[in-house]
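Structure, please.
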Amino acid sequence: MRNLQERGHLLTEQVNPDSLNLDQLSSVEFVELFNREDKKAVAAVENAKQDLAKAIDLTAQSLKQGGRLFYVGAGTSGRLGVLDAAECPPTFCTPPELVQGIIAGGAGALVRSSEDLEDRAEDGEAAMAQREITEVDVVVGITAGGTTPFVHGAINAAKSRGATTIFMACVPSQQVSIEADVDIRLLTGPEILAGSTRLKAGSATKLALNILSTGVMVKLGKVYGNRMVDVAVTNQKLRDRALRILQDLTNLSREAAGVLLESSGKWVKLAILMHETGLDKEQGTRVLSQHQGNLREAIEANKKV
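Below you'll find the model as predicted:
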């Protein structure tokens with residue numbers, strides 16, 4: 001039997017003095033309290049901006065070299081990582097292997113509690129070996145309380161393999177220290193419901209992951225202005241979005257935008273390049289490849305005379 005670690009001193013486990021009468025509040029008072037506390041999640045992300053920026057730069061650099069991004073966590077933290085990874089293919093048309101979420105307990109832990117599996121550091125190590133982590137990969141360990149053995153095992157194994165490591169926790173480094181290339185601390189304070197880190201800590205983590213993955217994709221040329229020009233046109237909603245992007249950026253009619261979209265193979269980025277440069281589909285595809293998918297660079301280098 002493993003030794004039971006005392007965790008009461010951790011920031012995420014402490015009792016919030018502003019919610020001691022939580023069970024006596026009216027519904028309106030309850031919502032107001034949540035609103036006040038949730039603002040601390042936004043502030044926590046703001047205070048971590050320098051480390052988040054460093055994480056974006058290091059991750060983009062690695063992915064440009066052929067690396068992959070992995071989120072590793074357990075419970076809520078693991079589910080948030082899997083969610084962010086799952087959103088990348090439809091939003092940025094990335095291959096599923098580029099950004100991956102790893103949760104203690106595997107896919108079944110997404111829909112049912114498997115928090116007991118987070119105590120196995122060796123499982124985190126095994127996950128890194130199974131995915132053949134290398135020096136061009138990036139591994140983000142997510143753990144609100146900072147102590148999850150599964151995450152620490154994965155980070156340590158990733159470091160030994162030369163990967164870039166990023167640690168994301170909601171406790172100060174004085175309470176839980178780790179050696180990682182980037183150490184992101186989202187200090188949201190004690191939860192309204194003591195110890196329930198799916199609340200403020202979870203909100204701050206989701207915000208931070210939004211920033212990290214979107215920032216990386218911008219650096220990889222997946223965005224033009226503020227448009228998702230690599231959106232996967234896989235349903236009617238996304239086709240409508242693709243058409244509106246083309247209309248806005250080319251001043252074409254909706255019908256003409258539809259023709260352009262089809263001629264590009266339903267690839268918005270390529271459609272814009274074809275419109276702006278006069279290149280055909282094959283030429284445009286080759287040019288985008290030469291510029292590592294960066295639309296702005298491709299247009300600048302191939303403007304119509």
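
Glu276: which element?
helix 268-277 (DSSP states H and E).

tell me what that helix is packed against?
Where contact means 3 or more C-beta pairs under 8 Å, 6 or more residues apart in numbering; DSSP states H and E, helix 268-277 is packed against helix 236-250, helix 254-263, helix 281-290, helix 295-301. No exception for glycine: its C-beta is placed from N, CA and C like everyone else's.

Any chance of those helices in JSON lines with mean pLDDT and distance to Val140 as columns?
JSON lines is the format used below for the helices and strands packed on helix 268-277 (pLDDT from 0 to 100; distance: least, C-beta to C-beta, whole Å):
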{"stretch": "helix 236-250", "mean pLDDT": "94", "distance to Val140": "27"}
{"stretch": "helix 254-263", "mean pLDDT": "96", "distance to Val140": "35"}
{"stretch": "helix 281-290", "mean pLDDT": "95", "distance to Val140": "28"}
{"stretch": "helix 295-301", "mean pLDDT": "93", "distance to Val140": "27"}
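
In JSON lines: those, plus distance to Val218 and mean neighbour count.
Output for those, formatted as JSON lines (distance: least, C-beta to C-beta, whole Å; neighbours: other C-beta atoms under 10 Å):
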{"stretch": "helix 236-250", "distance to Val218": "16", "mean neighbour count": "16"}
{"stretch": "helix 254-263", "distance to Val218": "23", "mean neighbour count": "15"}
{"stretch": "helix 281-290", "distance to Val218": "16", "mean neighbour count": "15"}
{"stretch": "helix 295-301", "distance to Val218": "11", "mean neighbour count": "17"}
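
JSON lines for those, including distance to Lys159?
Converted to JSON lines, the helices and strands packed on helix 268-277 look like this (distance: least, C-beta to C-beta, whole Å):
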{"stretch": "helix 236-250", "distance to Lys159": "39"}
{"stretch": "helix 254-263", "distance to Lys159": "45"}
{"stretch": "helix 281-290", "distance to Lys159": "33"}
{"stretch": "helix 295-301", "distance to Lys159": "34"}
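
For Leu63, find the nearest of those.
When these are compared by C-beta to C-beta, helix 281-290 sits nearest Leu63, at 15.9 Å.

Could you verify that Leu70 is part of a strand?
Quick fix: residue 70 reads Phe, not Leu. Yes - the assignment for Phe70 (DSSP: H, G, I helix; E, B strand; the rest coil) places it in a strand.

give the contact list for Pro89.
With contact set as C-beta atoms under 8 Å, 6 or more residues apart in numbering, Pro89 has these partners: 95-96, 232.

go on, Ala158?
For Ala158, the contact set (C-beta under 8 Å, 6+ apart) comprises 70, 128, 133, 137, 139, 165.

What does the third one show for phi and psi?
Backbone torsions for Ile133, taken as degrees, to the nearest 10, come to phi -60, psi 140.

ok, back up a step: ranking the contacts of Ala158 by neighbours, who comes first?
Highest neighbour count within the contacts of Ala158, by other C-beta atoms under 10 Å: Val139, with 29 neighbours.

I'd like the contacts of Pro89 laid out as TSV, including secondary structure, distance to Asp119 and neighbour count.
As requested, the contacts of Pro89 are exported to TSV (DSSP: H, G, I helix; E, B strand; the rest coil; distance: C-beta to C-beta, whole Å; neighbours: other C-beta atoms under 10 Å):
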residue	secondary structure	distance to Asp119	neighbour count
Pro95	coil	33	9
Pro96	coil	29	10
Ala232	coil	38	17
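
If we only consider those, which is nearest to Ala109?
For the contacts of Pro89, the closest approach to Ala109 (C-beta to C-beta) belongs to Pro96, at 18.7 Å.

Please report how far that closest one lies from Leu270.
For Pro96, the distance to Leu270 (C-beta to C-beta, to the nearest Å) stands at 21 Å.

Low-confidence stretches in the stretch 101-250 of the chain?
For the stretch 101-250 of the chain, applying pLDDT under 70 flags the ranges 113-116.

show me where it has helices.
Secondary structure of the stretch 101-250 of the chain by DSSP state H, counting those that start in this stretch: the helices cover 121-130, 149-160, 200-219, 236-250.

by contact count, what packs against the shortest one?
Translated: helix 121-130. Identification of packing neighbours for helix 121-130 by 3+ C-beta pairs under 8 Å, 6+ apart yields helix 149-160.

In the helix it packs on, which of the residues would be classed as buried?
Under the neighbour-count criterion of 16 or more other C-beta atoms under 10 Å, helix 149-160 has 149-159 buried.
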